[in-house]
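Student: Sequence and predicted structure are below.
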Amino acid sequence: MLRVISRMNVGGPARCVLNLTAGLPHRKFHTIVATGRSGAGEGDLSRGIEDRGAELADIPHLGRPLRPLRDLHALLALRSLILKFRPHILHTHASKAGFLGRLAALWSGIPLKIVHTYHGHVLDSYFSPLQSSVFRELERRLAGSTDVLIAVTPSVRRELLARHGVGCLQQYVVIPSGGHRSRIPSGSGSGPGLREELGLGRLPLAAVIGRLVPIKGHDLLLRSLPRLLAQIPELKILLVGDGPGRVAIERFIARRPEGRALLLLGQRDDVGRVLRAVDLLVLPSLKEGLPTVMLEAAAAGVPIAASRLPGVTDVLTHGDAALLFDPGSPDELAQAVVTLCRAPELGRRLAARALQCAADIPTAQQVVGAHERLYENLYRQLNAQNPKRGG
């Protein structure tokens, strides 16, 4: 099996790849993971590939930004890898890897089964209208040559089918990412330690956890701060994550009076500990597939204020399991946070319900099992269609 992902930066797609690499039986699945390199400050999980018993293929030009010459080099490298390795199954993850990996497989001419996972999609909200229309057309064409399309939520599948015309219903299976409960330590003793380290005592404390990139909505949070601090001046917000937006946030903290509320912690590997320390999680994203940190917060019993997005509402309902706000409204974000800070009993009720909702998301082992059954079925189909490819 050949698995392709643009980069193993800290986030849901990379963690999904790690879970699958670790969980699939190595005696049955010989796996190579082809990946590019993470950007500066993003954090990188690629070393975990070999630790989990798979081979790592470094494709230096396979990055997320659109760079035609580098993309061509990555395409050639992936085609060479397919011709050398001759996988029975190619599984690509996310947009750039999905495009180049599937194109390389088709160009190679080798009979194989192709699977692509949409951990979300970039067919709107990421690029200009013209670029988005080009990507939609390319995605539609590639979907026609893909055996199975995996969506992490029903809403991702619904958007791709109804809004963008990608693939047909029979091609899709819905398999959530899973694994969110594995990073949440049992018990609650670790939280106060983090507060003490940061000198925060019992101040109202929220967390925003995610890469520092525009789509994660940090700008929406910054625009909400004047109203937030006017009502809760002692509020502190932990910003956990790193990325190209760090410089702008550092500049905001240094130059704006509202910056006093922000603590920029950078990339951390103790998300569970952070969640145990805070009073609520804020998820201001402008677009999501199935947000892993939302599931982690629910599993940790932390109240959630989140953008009203399809990937969120597939799991949590406004007023029942979370407080949701319009991702274009800093005022609604501020009101949701203020409400949770001032009404702890409401927060506890929402968190208890969110915990129940998160329990319905498959575990990492269940996600691996679903993929294993899918791969075995595709392998049988491939052997039936191409008997000489078996073994």
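Tutor: Perfect, thanks for sending it. Numbering: from 1, shown residues only.

Student: What are the contacting residues of stretch 311-318?
Tutor: 120, 152-156, 283, 288-291, 294-295, 298, 304, 306, 308, 321-322, 324, 354, 357-358, 360-361 (Cβ atoms under 8 Å, 6 or more residues apart in numbering). To be clear about C-beta, it is placed using only N, CA and C from the backbone, and glycine gets the same treatment.

Student: roughly how far is that stretch from the heart of the chain?
Tutor: For stretch 311-318, the separation from the chain centroid amounts to 16 Å (computed by Cα atoms, centre = their mean, to the nearest Å).

Student: ok, now stretch 80-91?
Tutor: With Cα atoms, centre = their mean, you get 25 Å for stretch 80-91.

Student: just use 59 as the starting number from now, easier for me
Tutor: Sounds good: first residue 59 from here, last item stretch 138-149.

Student: what comes up buried for that stretch?
Tutor: Across stretch 138-149, burial judged by 16 or more other Cβ atoms under 10 Å covers 139-140, 143, 145-149.

Student: How is this protein divided into domains?
Tutor: 60-236+421-447, 244-417 (automatic domain parsing).

Student: sorry, back to before: tell me which of the buried residues of stretch 138-149 has the lowest pLDDT.
Tutor: Ranked by pLDDT, the buried residues of stretch 138-149 bottom out at F143 (93).

Student: sorry, back to before: possible to save the buried residues of stretch 138-149 as TSV with secondary structure?
Tutor: Output for the buried residues of stretch 138-149, formatted as TSV (DSSP: H, G, I helix; E, B strand; the rest coil):
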residue	secondary structure
L139	helix
I140	helix
F143	helix
P145	coil
H146	coil
I147	strand
L148	strand
H149	strand
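
Student: what's the closest of those residues to R406?
Tutor: H149 (40.7 Å; Cβ to Cβ).

Student: contact partners of the helix or strand bottoming out on mean pLDDT in the chain?
Tutor: Using mean pLDDT, DSSP states H and E, the weakest-scoring helix or strand in the chain turns out to be helix 249-256, at a mean of 80. Residues outside helix 249-256 that contact it (Cβ under 8 Å, 6+ apart): 259-260, 263, 296, 321, 331-332, 334-336.

Student: Mark which of the residues you listed are buried, thanks.
Tutor: 263, 296, 321, 331-332, 334-336.

Student: can you give me the strands in the stretch 209-358 of the chain?
Tutor: Assigned by DSSP state E, counting those that start in this stretch, the strands in the stretch 209-358 of the chain fall at 230-232, 263-267, 294-298, 320-324, 338-341.

Student: quick one: strands adjacent to the first one?
Tutor: Note on strand 230-232: by DSSP bridges, its sheet partners are strand 206-209 (parallel).

Student: same question, the last one
Tutor: Each strand that strand 338-341 pairs with, and the sense of that pairing, follows from DSSP bridges: strand 263-267 (parallel), strand 362-365 (parallel).

Student: picking that back up, flag whichever of the domains of the chain has the least confidence on average.
Tutor: It's domain 60-236+421-447: among the domains of the chain, that one has the lowest mean pLDDT, namely a mean of 89.

Student: Just the ones in helices from the contacts of helix 249-256, please.
Tutor: 331-332, 334-335 (DSSP state H).

Student: Is it possible to get TSV of the strands of the stretch 209-358 of the chain that adds distance to G202?
Tutor: Formatted as TSV, the strands of the stretch 209-358 of the chain follow (distance: least, Cβ to Cβ, whole Å):
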stretch	distance to G202
strand 230-232	13
strand 263-267	37
strand 294-298	40
strand 320-324	43
strand 338-341	34
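
Student: Mean neighbour count, those: which tops it?
Tutor: Mean neighbour count, computed with mean count of other Cβ atoms under 10 Å, is highest for strand 338-341 among those, reaching a mean of 28.
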